[in-house]
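Asks: any chance you could fold what I've pasted below:
(chains A and B)
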2 protein chains.
Amino acid sequence: MFLARVYVTLKPAVNDPQGLTVIGGLHSLGYETVEDVRIGKYLEIRVAADALTQAESEVTGMCDRLLANPVIEDYRFTLEQVE
Amino acid sequence: MFLARVYVTLKPAVNDPQGLTVIGGLHSLGYETVEDVRIGKYLEIRVAADALTQAESEVTGMCDRLLANPVIEDYRFTLEQVE
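Replies: Predicted coordinates:
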């Protein structure tokens, strides 16, 4: 069993209206030092693969086909063996 | 300037309907090895703090007061100095 930690983030050139909203909220709470906020998705996926290479190719496929929108998002992930 | 990487996740006991939906989607794409999916938020926050300790206490406050719902979510973050 492998645990994949997947990080899906907007490409740098893509506007982040959610991030702008959070900046406004944080400033209104008094956190004036906040200069930028970018919001993305964090997924933890348990994959019953037999080997690391299998898990790696499967998670890559999952990201390319479903979890990340290639037009506006980037992704990266880590893999670790778990019980 | 500091970059905070914030991970907001549902507490283990909390159901994750989004996660269940993604499992269904991945299974329908043929990724039968997927056993569990938990979805959370990943934020990158730039904080113009003067010292690490200041950044740490500010980001903790941001998480406690706005970014994470203490009833159903946990959070953790890392901090690194950036340009």
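Asks: okay, now the unreliable bits of chain A?
Replies: For chain A, no stretch has pLDDT under 70.
Asks: mind redoing it with 90?
Replies: Chain A contains residues with pLDDT under 90 at A:83.
Asks: report all helices and strands that the biggest strand by length in it contacts.
Replies: Once chain A is assigned using DSSP state E, the strand that runs over the most residues is strand A:34-47. Taking 3 or more CB pairs under 8 Å, 6 or more residues apart in numbering or on different chains; DSSP states H and E as contact, the helices and strands that strand A:34-47 lies on are strand A:2-10, helix A:17-28, helix A:52-62, strand B:2-10, strand B:34-47. Using the backbone N, CA and C atoms, a C-beta is placed for each residue, glycine as well.
Asks: in that strand, what counts as buried?
Replies: A:V34, A:V37, A:R38, A:I39, A:G40, A:K41, A:Y42, A:L43, A:E44, A:I45, A:R46, A:V47 (16 or more other CB atoms under 10 Å in any protein chain shown).
Asks: how close does the residue of chain A most remote from its centre sit to B:V8?
Replies: Distance from the centre of chain A peaks at A:G30, with 27.7 Å (CA atoms, centre = their mean). Distance of A:G30 to B:V8, given as CB to CB, to the nearest Å: 21 Å.
Asks: what's the answer for A:T78, then?
Replies: From A:T78 to B:V8 the distance is 18 Å (CB to CB).
Asks: the more surrounded of the two?
Replies: Using other CB atoms under 10 Å in any protein chain shown, the more surrounded residue of A:T78 and B:V8 is B:V8, with 19 against 10.
Asks: who are the neighbours in contact with the more buried one?
Replies: A:Y42, B:G40, B:K41, B:Y42, B:L43, B:C63, B:L67, B:A68, B:E73, B:D74, B:Y75 (CB atoms under 8 Å, 6 or more residues apart in numbering or on different chains).
Asks: which one is the second one nearest to, not counting chain neighbours?
Replies: Leaving out its chain neighbours, the residue that sits closest to B:G40 by CB to CB, 6 or more residues apart in numbering or on different chains is B:T9, at 3.7 Å.
Asks: pull the number of nearby residues for that neighbour.
Replies: Neighbour count for B:T9, taken as other CB under 10 Å: 21.
Asks: for it, give the beta-bridge partners.
Replies: Judged by DSSP bridges, the bridge partners of B:T9 are B:D74.
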